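Asks: the sequence and its predicted three-dimensional model are supplied below.
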Amino acid sequence: MIKIAPSLLAADFTALGKDIKEMEVAGADWLHIDVMDGIFVPNISIGIPVVKAIRGITDLTLDVHLMITKPIRYVDAFLDAGADILVFHLEADEPQNIQAAIDQVKARGKRVGLSLKPKTPANTLIPYIEQLDLVLVMTVEPGFGGQAFMADQLDKIRAIRALIAAKNPTCELEVDGGIDPKTAPLVIEAGAWVLVAGNAIFKETDRKAVIDALRG
């Protein structure tokens, strides 16, 4: 079944608890939490204290996406705060440090994922794919919500789906960026299992209807 992970970056931060409870009622599978440092991406968002607060009010899976440089520095802190899945960018550090961060998450018994920017090719995952629980394909340039879906990423999604099928069939394939009821069928057809959506969900009154439409 297709999983929907509403992106809290698009939620109302003055009523975050209320929005999270609405996501539970609306049938969300995960909550997607974008962490930005202003260095790896040109924006700053929430951090460890907010993740900890969210963990305290929901049992939904917390899918924490680190858009930060040298993510190994914060693996333990975000896991301690309550992340269930910790995802960081392959481009964010040297290969040996990316491997060390993967090992660190695994040693804590949590799920680990790697994310790719739009210009990063699928084959860069090959050294890591057998160790991953999730691959996140960005279908916008990371850093800001509300961007238009990049259809040229569909071939990459297909290539990663083939890589997963060959090397690690239980690995989940997640897509984030410009996902709405029109683009969702495209990424599902290309092989995505988990869809991240922000504005498409939070800007609508009937959020359950949107989640149902995204799921197809």
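Replies: Structure's in. What do you need? Note that the structure is predicted; figures quoted are calculated from it, not measured.
Asks: distance of the closest residue to residue 60 other than its chain neighbours from residue 57?
Replies: Using Cβ to Cβ, 6 or more residues apart in numbering and skipping residues adjacent in sequence, the residue nearest residue 60 is residue 31, 5.0 Å away. Using the backbone N, CA and C atoms, a C-beta is placed for each residue, glycine as well. Separation of residue 31 from residue 57 (Cβ to Cβ, to the nearest Å) stands at 11 Å.
Asks: between the two, which has more neighbouring residues?
Replies: Under the neighbour definition other Cβ atoms under 10 Å, residue 31 and residue 57 were set side by side, and residue 31 has more, 25 against 12.
Asks: from residue 52, how far off is the closest residue in space to residue 11 that isn't next to it in sequence?
Replies: Nearest non-adjacent residue to residue 11, counting by Cβ to Cβ, 6+ apart: residue 19, 4.2 Å away. From residue 19 across to residue 52, the span is 17 Å (Cβ to Cβ).
Asks: which one's more surrounded, these two?
Replies: residue 19 (19 against 15).
Asks: in the chain, which spans are strands?
Replies: 3-6, 30-36, 61-67, 85-89, 111-116, 134-138, 172-176, 194-197 (DSSP state E).
Asks: distance of residue 59 relative to residue 87?
Replies: 20 Å.
Asks: ok, the two, which is more surrounded?
Replies: Between residue 59 and residue 87, residue 87 has the larger neighbour count (other Cβ under 10 Å), namely 28 against 7.
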